[in-house]
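Peer 1: structure of the sequence below:
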Amino acid sequence: MKHSNRVSTVIRNTNETKINIKVNLDGKGINSISTGLPFFDHMLEQLSKHSLIDLELECIGDLKVDAHHTIEDCGWALGNAIKEALGDKRGIKRYSFNYLPMDECLTRCCIDISGRPWLIWNVFLPNVLIKNIETEIFREFFQAFSQSGGFTLHIENLYGTNTHHIIESCFKALAISLRNAINFDLDNLDNIPSTKGTLLGNS
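Peer 2: Next up is the predicted model:
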């Protein structure tokens with residue numbers, strides 16, 4: 001069967017953030033990202049580059065308060081955009097995992113494009129702040145991403161000492177697992193990979 005283009009656009013406006021996102025799941029990892037937080041932009045660039053998902057993202061957030069709303073709401077919007085682009089998920093591989101080394105640290109990411117959101121986050125971040133961002137908020141990004149996308153997502157940092165490396169390895173590990181899970185299974189293109197016959201998470 002012929003699969004439609006897997007693209008979507010999401011606009012998410014609240015009193016705290018105004019977000020515009022466009023994704024192309026069958027892209028080349030081309031991206032244009034602006035959140036007002038250069039370190040976070042860099043993490044999203046890594047996610048796009050290594051997943052091969054083309055990503056346009058602009059967020060105007062209440063950074064005068066802190067980085068919390070910007071980072072969490074981008075997770076909500078990005079997960080929703082990917083879910084919309086996946087459609088009924090027919091023909092995808094669905095499952096994937098990888099171990100991502102980055103210098104002294106090693107991170108494992110396992111994902112199920114199941115329609116059932118769940119996050120396991122076993123990541124200890126040594127530094128409380130990185131580039132004036134409270135590092136605890138990165139868990140909230142992955143939580144929002146898994147919830148809005150309908151992904152079962154397990155991320156564990158097995159070891160590491162550099163906070164930048166640990167956070168970046170989490171984004172890169174997600175990117176590789178996401179890339180493999182949303183790829184088409186050439187032996188199962190006409191089927192939804194579930195005995196339920198659906199991966200929409202409502203049954």
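Peer 1: C-alpha from now on. contacts and neighbour counts both.
Peer 2: Will do.
Peer 1: I figured residue 34 hits residue 41, correct?
Peer 2: Yes. Between residue 34 and residue 41 there is a contact under CA atoms under 8 Å: 6.3 Å.
Peer 1: got phi/psi on the one residue sitting closest to the centre of the chain?
Peer 2: Nearest to the mean C-alpha position of the chain, counting by CA atoms, centre = their mean, stands residue 145 at 5.7 Å. Dihedral pair for residue 145: phi -60, psi -50, per degrees, to the nearest 10.
Peer 1: that one reaches residue 82, doesn't it?
Peer 2: No. Using CA under 8 Å, residue 145 is not in contact with residue 82; the gap is 9.5 Å.
Peer 1: what count of nearby residues applies to residue 16?
Peer 2: Look at residue 16: counted by other CA atoms under 10 Å, it has 15 neighbours.
Peer 1: where does it land on pLDDT?
Peer 2: Residue 16 carries a pLDDT value of 96.
Peer 1: tell me the helices and strands packed up against the helix or strand where residue 85 lies.
Peer 2: Assigned by DSSP states H and E, residue 85 belongs to helix 68-86. Judged by 3 or more CA pairs under 8 Å, 6 or more residues apart in numbering; DSSP states H and E, helix 68-86 is in contact with strand 7-13, strand 17-24, strand 54-61, helix 137-149.
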